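Asks: got a predicted model here, sequence first, then my questions.
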Amino acid sequence: MTDTRLYLITPPKLDPKPFGETLKSALDAGDVASLQLRLKDVPEEDIARAVDVLMPIAQSRDVAFLLNDRPDLAAKFGCDGVHIGQEDTPYAEARAIVGPERIVGVTCHDSRHLAMEAGEAGADYVAFGAFYPTTTKEPKTRCEIDVLSWWAEVMVVPCVAIGGITVANALPLVQAGADFLAVSSGVWDYTDGPAAAVKAFNKLFK
Ligand SMILES: Cc1ncc(COP(=O)(O)OP(=O)(O)O)c(N)n1
Ligand SMILES: Cc1ncsc1CCOP(=O)(O)O
Ligand SMILES: [Mg+2]
């Protein structure tokens, strides 16, 4: 049995009501640690509406609900945390906004240095990637698996792997010691559907 758990990331554009039904079936299919709402280039009211619909679905199933990019909205909406990248609100400011009880995760690309900085500052997790090709986002870097295994070996701050992760290519990341696999299209676009993807990922973690 490994300690790896699934961290789902929503598609960058979605219609909350129908997506909410898809989300229910995915979360009811197996263990999911967290869901990140990651809407890009949309007005705040679209984020608010998606939070209204999707956050109760996640939280009622003990799935942590994180918001991408916006610590101010994460605090305003009562999300469980926020994910910030290197071009978003700096960690110290994000932590001051959301407080000590909420999760703050930080993008660290392929950089041991960025991850050590974030970990020492108090980040609740560091995210490395992209490990595989992805069309969901133009990642700034590719990350080698040895960065992940080094971190898992020597550090205690949880590490997240992200970028092009699928059921077919996830095992080396699990074996390297990733605490979480952050997955978007590998679940939402899975051939047999998101629920089957959640089941298949959880089988890999056994
Ligand atoms: C878990 C996780 N890891 C990395 C990212 C990427 O964040 P960022 O670099 O800020 O890019 P955008 O997602 O904001 O386009 C993430 N969102 N989640
Ligand atoms: C947000 C993000 N950051 C680096 S790669 C990526 C996209 C993750 O989506 P997918 O799992 O579909 O590659
Ligand atoms: Mg960001």
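Replies: Received the coordinates, thanks. Numbering: from 1, shown residues only. Ligands and ions are numbered 1, 2, ... in the order given.
Asks: and the strands in the protein?
Replies: With DSSP state E applied, the chain shows strands at 5-9, 34-37, 64-68, 81-84, 103-107, 125-129, 159-162, 180-183, listed in chain order.
Asks: which one, of those, ends up nearest to Lys203?
Replies: strand 5-9 (11.4 Å; C-beta to C-beta). Glycine gets a C-beta too; all of them are placed from N, C-alpha and C.
Asks: the closest one pairs with which strands, and in what direction?
Replies: The strands beside strand 5-9 in its sheet (DSSP bridges) come out as strand 34-37 (parallel), strand 180-183 (parallel).
Asks: could I have the last one exported to CSV, CA atoms only?
Replies: What follows is strand 180-183, C-alpha atoms only, in CSV (Å, rounded to 0.1, in the frame of the first residue of the first chain):
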residue,chain,number,x,y,z
PHE,A,180,-0.5,13.4,-4.3
LEU,A,181,-1.1,13.1,-8.0
ALA,A,182,-2.8,16.2,-9.4
VAL,A,183,-4.8,15.2,-12.4
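Asks: name the residues that touch it?
Replies: With C-beta atoms under 8 Å, 6 or more residues apart in numbering as the test, strand 180-183 has contacts from 4-9, 33-34, 36, 125, 127, 129, 158-162, 165-166, 170, 173-174, 197, 201.
Asks: can you put the strands paired with strand 5-9 in CSV and add mean pLDDT, mean neighbour count and distance to Arg70?
Replies: Below are those laid out as CSV (pLDDT from 0 to 100; neighbours: other C-beta atoms under 10 Å; distance: least, C-beta to C-beta, whole Å):
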stretch, mean pLDDT, mean neighbour count, distance to Arg70
strand 34-37, 98, 24, 10
strand 180-183, 98, 24, 18
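Asks: and these: which comes nearest Val51?
Replies: The closest of those to Val51 is strand 34-37. By C-beta to C-beta, the value is 6.5 Å.
Asks: quick one on the thing from earlier: apply the buried test to the contacts of strand 180-183 and list what passes.
Replies: 4-9, 33-34, 36, 125, 127, 129, 158-162, 165-166, 170, 173-174, 197, 201 (16 or more other C-beta atoms under 10 Å).
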